[in-house]
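Q: I would like to see how this sequence folds:
(2 chains, ligands or ions: 5)
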Number of protein chains: 2
Amino acid sequence: MWCMYMSDVAFESLTPAEWFRRNKEIAGFSSPSRAMYQTVRELIENALDATENHGILPSIKASIRYVDKDKDLYSIYVEDNGIGIPEEEIPNVFGQIFYSSKYKIKQHRGIFGLGAKMVVLYAQSTSGMPVRVTSSMKGSQYIYTYEISIDTVKNKPVIHSHVRVENKYGWHGTAVKVVLEGNWQYAKSRIEEYFTRTAMITPYAEIILIEPNNEVLRFNRITTIMPKPPVEGLPHPSSIDLESLKQLISRNSDIPLIDFLKENFDGIGDETVREFMKTVGIRASKHVKRLSESELRLLAEKMRQFNGWRRPRADWLSPIGEKILANGILHVLKPEAVFVTTRKPSSYSGHPFIVEAAIAWGGSIMPVDKPILYRYANKVPLLQDEGSDVIRHVIDEVDWSQYKVKFPAPLAVVVHVCSTKIPYASAGKEAIADVPEIEKEVRLAVREVARKLKVYLARKEKEQELLTKYAILRLYTDEVS
Amino acid sequence: MWCMYMSDVAFESLTPAEWFRRNKEIAGFSSPSRAMYQTVRELIENALDATENHGILPSIKASIRYVDKDKDLYSIYVEDNGIGIPEEEIPNVFGQIFYSSKYKIKQHRGIFGLGAKMVVLYAQSTSGMPVRVTSSMKGSQYIYTYEISIDTVKNKPVIHSHVRVENKYGWHGTAVKVVLEGNWQYAKSRIEEYFTRTAMITPYAEIILIEPNNEVLRFNRITTIMPKPPVEGLPHPSSIDLESLKQLISRNSDIPLIDFLKENFDGIGDETVREFMKTVGIRASKHVKRLSESELRLLAEKMRQFNGWRRPRADWLSPIGEKILANGILHVLKPEAVFVTTRKPSSYSGHPFIVEAAIAWGGSIMPVDKPILYRYANKVPLLQDEGSDVIRHVIDEVDWSQYKVKFPAPLAVVVHVCSTKIPYASAGKEAIADVPEIEKEVRLAVREVARKLKVYLARKEKEQELLTKYAILRLYTDEVS
Ligand SMILES: Nc1ncnc2c1ncn2[C@@H]1O[C@H](COP(=O)(O)OP(=O)(O)O)[C@@H](O)[C@H]1O
Ligand SMILES: Nc1ncnc2c1ncn2[C@@H]1O[C@H](COP(=O)(O)OP(=O)(O)O)[C@@H](O)[C@H]1O
Ligand SMILES: [Mg+2]
Ligand SMILES: [Mg+2]
Ligand SMILES: [Mg+2]
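A: Ligands and ions are numbered 1, 2, ... in the order given. Just a heads-up that it's a prediction; the model follows:
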């Protein structure tokens, strides 16, 4: 018998930095090869956010080099021509978990305030070396460089060095260098695939990767047309949750409910709000801070149920657009034909989203037994955990024979979900969770392009038939003549 | 042209509570049905940890009830007969993220200090109601009840009420009740499966679930033999990381390196440490706080590389054991035969782990096209994200024909990984990450039981042959006679 009972129960509190240091695999840093891939991804995504989202055509230079081949130590370097980071913010941005400029209603690649810090944590846990960050903002007089690690017990940056040089040529952008334990042999193909898939969806970017053996992977800019950058938005009322509603109220002054609704939400005009207030049974003039707990609950519930809201605006999203997407796919996959759709905006839990889908057929695409799937979320290629992804689930259900496709067939499907908040199924950000509203839009988008493919294949079939008929006819006429 | 540049870049810091409130899907709370399942899981796991890990035979009562059927509001209640929670700790334990009694080197179901808080966050975001926690410890004079929610902006508990009643009958344990938005129709089968699989691996527990329609799912205790509870352990040196080493040193007083190693690590005796010190080239008497950065890096590296450490001790693990596991499987799956193995301890990144595997064959198991897989981590059944799990990857590689299995076959495979730290691939804790050391042990364990199955099937074949021969012989002799 073990009568241990309370013997050794002691309670402890951890900072998020210490927690993530102990649970690195949750953010995708589970092995040297995976950590190497995840590092590249986090740095490239920050670089793309810092350029494209601010109207700058991205030019990104990355390199991976051996530091100590025997110990599997590598340096990873990523440089961009983006907006830069304010000098005084660099320590927090790289040294404090959950510190970000992207906690906003707006489409971003990063949404977690975690990526850069995980890179630093992983580097210091394996090589012991701090990250080196060099940056300058448009118009800055100086280029500044920091070396930073994280004090995980305090969740605060440790600054190892800080120097400035004059910014003679008006450079702006950010360059990050880390040294970490990796495994190039295992990570190589995944990292190359990541670059290729990124290039496919950002044909307006110039991206270069120099590999440890000095091989160069280069993607040229093939268009200077960029998607319109997103603007900062408001939450949509259609499925706000109670807790968010309370937070919004506490951040507002004590104004009448009707004004609060019009000012704080997207899609609420004068007329809509009057219609809505009829369904609630709370006085429109009641001041928000005087709403009781049960009134708040009622309000949140009715906001979710009401059918009269305007569709959420797409202004805070930045879909790729049919033309740029078709361009990128034609350039990278070299198919015979491509069919593209950008759906209208929809929303889930107050977050607008747009689904884009494309089907590429024939040409350089090899015939396969089931469609090759390219998944993207906010322009980021998703390479792993495909089995947990809602897009895969939808694609698996499609009956391709309905669309005149007989496998093996030279078929690739591209699906891009963009949103102010992608519901990732894991912090590693490799799979989109099964959210019913998103599932539905993905299904509609895929069907739409599949129907276009069907028309195309039907026409080809017809032409083929005609050709055959014509050939037979010729054969016949040749014979009788 | 969009010359937006720095226009709207503002930096913000979030508490972990606010971060997880906004990113609930990362902890498995991605939809009402999934949240319902995850809630049950977190509460049951806490209940099992509070009983079995302290030498108490678990008796767990759970119920799920409609609170408001139209609004999909349910109450979920879980009661255990465990060690209870100290009165003054209840607010922190349910109201502060990353607060736990399980941040120790010891096998636990929980390892994150997150589960109970996610339940509270999800409840308050959907129903707006606080959690109700009632508890009492062995020998407590009172039974105390709190109602608690979380102030996410501060990551601190909000106490709504706190009452005490006399503990007349010496009750000890914990009862938790939450009200939340769910979807029983979708969650039912998954929750039932979770209970069934839990019962299979804990045949010494008594578990009851009352469902919303008053159906009762009941698992009786079929043995009073329990696995030995784990004791608290020390890290193993074989793959400690640099950052952990530094933290250990900073928590110690400034003693000679050789003493530091002997006192703080598992598997380091007098002789081993002398052998080890020869490989390092640092003076054994050097005081730890005087080690330079490069010496620390060297030390961590050599500790990982050294081959002479003793195997990590299994005392801080609590495998199920071959007998109990076979018992549970026979009881729940009712097969014709079952083959079980508990492997010797191994380790990865300083964490010991043990793999157990079982194969059940025939009887009530229906023939299937590929083996039915039951995955467990620290006695917790894993039901989702199977595609990302290292166990699935290993099973997919097995060539079953080598073991005389021809599909369809009545074959179920059970794999249990227990460790002081399970490397989950997601915070939802549904898949074990691809860690090479674990992959290897899982492979060896599965092969071991597969070989036992092969012997069994070969014997059956032989018997069958003999029977057939005998039958033919009889036919023959019958004929000639
Ligand atoms: N290359 C970069 N250029 C400009 N800003 C950057 C860059 N990298 C990181 N940042 C800033 O650091 C912040 C934190 O980055 P990170 O930890 O990756 O989280 P997230 O990208 O999710 O916000 C970003 O929000 C951004 O403000
Ligand atoms: N039923 C219970 N009985 C005893 N202690 C409990 C129970 N539920 C929760 N606790 C305590 O609350 C702490 C926090 O629980 P939780 O948030 O689920 O994180 P974790 O289980 O990972 O530690 C546990 O470490 C434990 O000390
Ligand atoms: Mg980022
Ligand atoms: Mg727990
Ligand atoms: Mg937990």
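Q: for the closest residue to ligand 3 within the stretch 101-250 of chain A, give me its contacts.
A: Ligand 3 sits closest to A:Gly110 of the stretch 101-250 of chain A, with a gap of 2.9 Å, by Cβ to the ion. C-beta here means a position set from N, CA and C on the backbone, and glycine is covered the same way. Going by Cβ atoms under 8 Å, 6 or more residues apart in numbering or on different chains, A:Gly110 touches A:Glu42, A:Glu45, A:Asn46, A:Asp49, A:Ser100, A:Lys102.
Q: now secondary structure, neighbour count and pLDDT too, for the residues you listed, in JSON lines please.
A: JSON lines is the format used below for the contacts of A:Gly110 (DSSP: H, G, I helix; E, B strand; the rest coil; neighbours: other Cβ atoms under 10 Å in any protein chain shown; pLDDT from 0 to 100):
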{"residue": "A:Glu42", "secondary structure": "helix", "neighbour count": "26", "pLDDT": "96"}
{"residue": "A:Glu45", "secondary structure": "helix", "neighbour count": "21", "pLDDT": "95"}
{"residue": "A:Asn46", "secondary structure": "helix", "neighbour count": "24", "pLDDT": "96"}
{"residue": "A:Asp49", "secondary structure": "helix", "neighbour count": "23", "pLDDT": "94"}
{"residue": "A:Ser100", "secondary structure": "strand", "neighbour count": "25", "pLDDT": "93"}
{"residue": "A:Lys102", "secondary structure": "coil", "neighbour count": "19", "pLDDT": "87"}
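Q: quick one, phi/psi of the residue nearest the centre of chain A?
A: In chain A, the residue lying closest to the centroid (Cα atoms, centre = their mean) is A:Asn378, at 3.3 Å. A:Asn378 has phi and psi values of phi 40, psi 50 when expressed as degrees, to the nearest 10.
Q: give the contact list for it.
A: Each residue near A:Asn378 by Cβ under 8 Å, 6+ apart is listed here: A:Gln107, A:His108, A:Arg109, A:Val417, A:Cys418, A:Ser419, A:Ile422.
Q: out of the residues you listed, who has the most neighbours?
A: Sorting the contacts of A:Asn378 by how many neighbours each has (other Cβ atoms under 10 Å in any protein chain shown) puts A:Gln107 first, at 29 neighbours.
Q: how near is the closest residue to that one other than its chain neighbours to ligand 2?
A: Counting by Cβ to Cβ, 6 or more residues apart in numbering or on different chains, A:Pro230 is the residue found nearest to A:Gln107 once chain neighbours are left out, at 4.5 Å. Between A:Pro230 and ligand 2 the distance is 36 Å, computed by Cβ to the nearest ligand atom, to the nearest Å.
Q: please apply the same query to A:Pro381.
A: With the distance defined as Cβ to the nearest ligand atom, A:Pro381 ends up 33 Å from ligand 2.
Q: let me know the secondary structure of that residue.
A: strand (DSSP: H, G, I helix; E, B strand; the rest coil).
Q: that one contacts A:Thr198, correct?
A: Yes. A:Pro381 lies in contact with A:Thr198 (Cβ atoms under 8 Å); the separation is 5.8 Å.
Q: host element of the residue of the stretch 101-250 of chain A closest to ligand 3?
A: Element membership for A:Gly110, per DSSP states H and E: none, as it lies in no helix or strand.
Q: can I assume A:Asn252 is in contact with A:Val288?
A: Yes. Assessed by Cβ under 8 Å, A:Asn252 is found in contact with A:Val288 at 6.5 Å.
Q: which neighbours do those two have in common?
A: Counting by Cβ under 8 Å, 6+ apart, the residues touching both A:Asn252 and A:Val288 are A:Phe260.
Q: who's more crowded, those two?
A: Ranked by neighbour count (other Cβ under 10 Å), A:Asn252 and A:Val288 place A:Val288 first, with 23 against 14.
Q: can you pull the contacts of that one?
A: In this structure, A:Val288 makes contact with A:Ile249, A:Asn252, A:Asp254, A:Ile255, A:Pro256, A:Leu257, A:Phe260, judged by Cβ under 8 Å, 6+ apart.
Q: before we move on, back to that, who's in contact with the residue nearest to A:Gln107?
A: Contact criterion Cβ under 8 Å, 6+ apart gives A:Asn53, A:Lys106, A:Gln107, A:Asp315, A:Trp316, A:Leu317, A:Ser318 as the residues in contact with A:Pro230.
Q: output the below-cut-off pLDDT ranges for chain A.
A: Filtered on pLDDT under 70, chain A yields the residue ranges A:1-8, A:111, A:239, A:427-428, A:475, A:477-481.
Q: which residues in it form helices?
A: Counting by DSSP state H, residue ranges of the helices within chain A are A:16-22, A:32-51, A:90-95, A:115-126, A:184-201, A:242-251, A:257-264, A:270-280, A:293-305, A:322-333, A:390-397, A:436-480.
Q: okay, now A:Val153: neighbour count?
A: The burial count assigned to A:Val153 is 14, neighbours taken as other Cβ under 10 Å.
Q: so it touches A:Glu18, yeah?
A: Yes. The pair formed by A:Val153 and A:Glu18 meets the contact definition of Cβ under 8 Å, at 6.1 Å.
Q: wait, which of the contacts of A:Gly110 is closest to A:Val78?
A: Closest approach to A:Val78 among the contacts of A:Gly110 (Cβ to Cβ): A:Asn46, at 8.0 Å.
Q: my read: A:Ala445 touches A:Thr341, true?
A: Yes. Shown here, A:Ala445 and A:Thr341 form a contact pair, counting by Cβ under 8 Å, at 5.7 Å.
Q: before we move on, the earlier item: determine which two of the contacts of A:Pro230 are furthest apart.
A: For the contacts of A:Pro230, the maximum inter-member distance is 13.5 Å, found between A:Asn53 and A:Asp315 (Cβ to Cβ).
Q: what's the domain layout of chain A?
A: Chain A breaks down into these domains under automatic domain parsing: A:16-219, A:237-305, A:326-463.
Q: got the end-to-end distance for the second one?
A: When you say that, I think you mean domain A:237-305. Taking Cα to Cα, to the nearest Å as the measure, domain A:237-305 stretches 10 Å from start to finish.
Q: neighbour count winner among A:Ala445 and A:Thr341?
A: When A:Ala445 and A:Thr341 are compared for neighbours, A:Ala445 comes out ahead with 24 against 19, by other Cβ under 10 Å.
Q: if we ignore the residues flanking it in sequence, what's nearest the more buried one?
A: Once flanking residues are discounted, A:Ala445 sits nearest to A:Ala357: 3.8 Å by Cβ to Cβ, 6+ apart.
Q: enumerate the residues of chain A near ligand 1.
A: Taking Cβ under 6 Å from any ligand atom, the part of chain A that reaches ligand 1 is made up of A:42, A:46-47, A:50, A:80, A:82-83, A:85, A:93, A:100-102, A:110-117, A:174.
Q: can you rerun that using 8 Å?
A: By Cβ under 8 Å from any ligand atom, the residues of chain A that approach ligand 1 are A:42-43, A:45-47, A:49-50, A:78, A:80, A:82-85, A:89, A:93-94, A:99-103, A:108-119, A:135, A:173-174, A:176.
Q: of those, list those near ligand 2.
A: Filtering the residues of chain A next to ligand 1 for proximity to ligand 2 by Cβ under 8 Å from any ligand atom leaves nothing.
Q: among those residues, name the buried ones.
A: The neighbour count (16 or more other Cβ atoms under 10 Å in any protein chain shown) marks A:42-43, A:45-47, A:49-50, A:78, A:80, A:82-85, A:93-94, A:99-103, A:108-119, A:135, A:173-174, A:176 as buried among those.
Q: follow-up on the earlier one: let me know which of the helices of chain A is the nearest to ligand 4.
A: Among these, helix A:16-22 comes nearest to ligand 4, with 14.0 Å by Cβ to the ion.
Q: could you see whether ligand 5 lies near the closest one?
A: No. Using Cβ under 5 Å from the ion, helix A:16-22 never reaches ligand 5; the gap is at least 11.6 Å.
Q: and that helix, C-alpha only, in CSV?
A: Provided in CSV are the C-alpha atoms of helix A:16-22 (Å, rounded to 0.1, in the frame of the first residue of the first chain):
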residue,chain,number,x,y,z
PRO,A,16,5.6,31.9,-20.6
ALA,A,17,9.3,32.0,-21.6
GLU,A,18,10.2,29.2,-19.2
TRP,A,19,7.1,27.2,-20.2
PHE,A,20,7.9,27.4,-23.9
ARG,A,21,11.5,26.6,-23.3
ARG,A,22,10.4,23.4,-21.7
